[in-house]
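Participant: Structure of the sequence below:
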Amino acid sequence: QVQLVESGGGLVQAGGSLTLSCAASGISCGTNVMGWYRQTPGNQRESVASITTGGRTNYADSVKDRFIISRDNGKNTVYLQMNSLKPEDTAVYYCNLFAIASLKNFWGQGTQVTVSS
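Facilitator: Numbers count the residues shown, from 1 in each chain. Next comes the predicted model:
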């Protein structure tokens, strides 16, 4: 059974930085895409950044040049380094793993990020 455990959320002032981590367990060998989504009350969950097993990355326009996604395949862990944080980055951040072979999506429990102005 796949489990994703996030850590690193919290409260930070605007302009500050936070790094989120997500450790995956129970995943089988094979190509997957790991990423981060975020959601605010009353809004749909939106993609923030993603990274393939091979290291190809993709970012939402709103976070380009501020956030960096990376992964350690040996540890099955994905990171999201968030710099120059803005109040509008405040959200619950969810880790996601998409297994390409099975076309299955897995989600973490979410971690709150709050950016104060």
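
Participant: got a list of contacts for stretch 41-55?
Facilitator: For stretch 41-55, the external contacting residues (CB atoms under 8 Å, 6 or more residues apart in numbering) are 30-39, 57-60, 63, 67, 69-71, 73, 78, 80, 93-94, 96. All C-beta atoms are positioned from the backbone trio N, CA, C, and that covers glycine.

Participant: hmm, 7 Å instead?
Facilitator: 31-39, 57-60, 63, 67, 69-71, 73, 78, 80, 94 (CB atoms under 7 Å, 6 or more residues apart in numbering).

Participant: what about that stretch, start to end distance?
Facilitator: By CA to CA, to the nearest Å, the extent of stretch 41-55 from end to end equals 31 Å.

Participant: can you pull out the helices in this structure?
Facilitator: Counting by DSSP state H, no segments of the chain form helices.

Participant: can you pull the contacts of the residue nearest in space to the middle of it?
Facilitator: The centre of the chain sits closest to Trp36, judged by CA atoms, centre = their mean, with a distance of 2.4 Å. Residues in contact with Trp36 (CB under 7 Å, 6+ apart) are Leu20, Val48, Ala49, Ile69, Leu80, Tyr93, Tyr94, Cys95.

Participant: Correct me if wrong: the fourth one contacts Arg56.
Facilitator: No - using CB atoms under 7 Å as the test, Ile69 is too far from Arg56 to be in contact (10.5 Å).

Participant: which neighbours do the two share?
Facilitator: Shared contacts of Ile69 and Arg56 (CB under 7 Å, 6+ apart): none.

Participant: pretty sure Arg71 contacts Met34?
Facilitator: Yes - using CB under 7 Å, Arg71 makes contact with Met34 at a distance of 5.8 Å.

Participant: which residues are contacting stretch 101-110?
Facilitator: Here stretch 101-110 makes contact (CB under 7 Å, 6+ apart) with 2, 4-6, 22, 30, 92-98.

Participant: distance between the ends of that stretch?
Facilitator: 25 Å.

Participant: For that stretch, the averaged confidence score.
Facilitator: When pLDDT is averaged over stretch 101-110, the result is 94.

Participant: Check the gap between Gly108 and Lys64 for me.
Facilitator: 23 Å (CB to CB, to the nearest Å).
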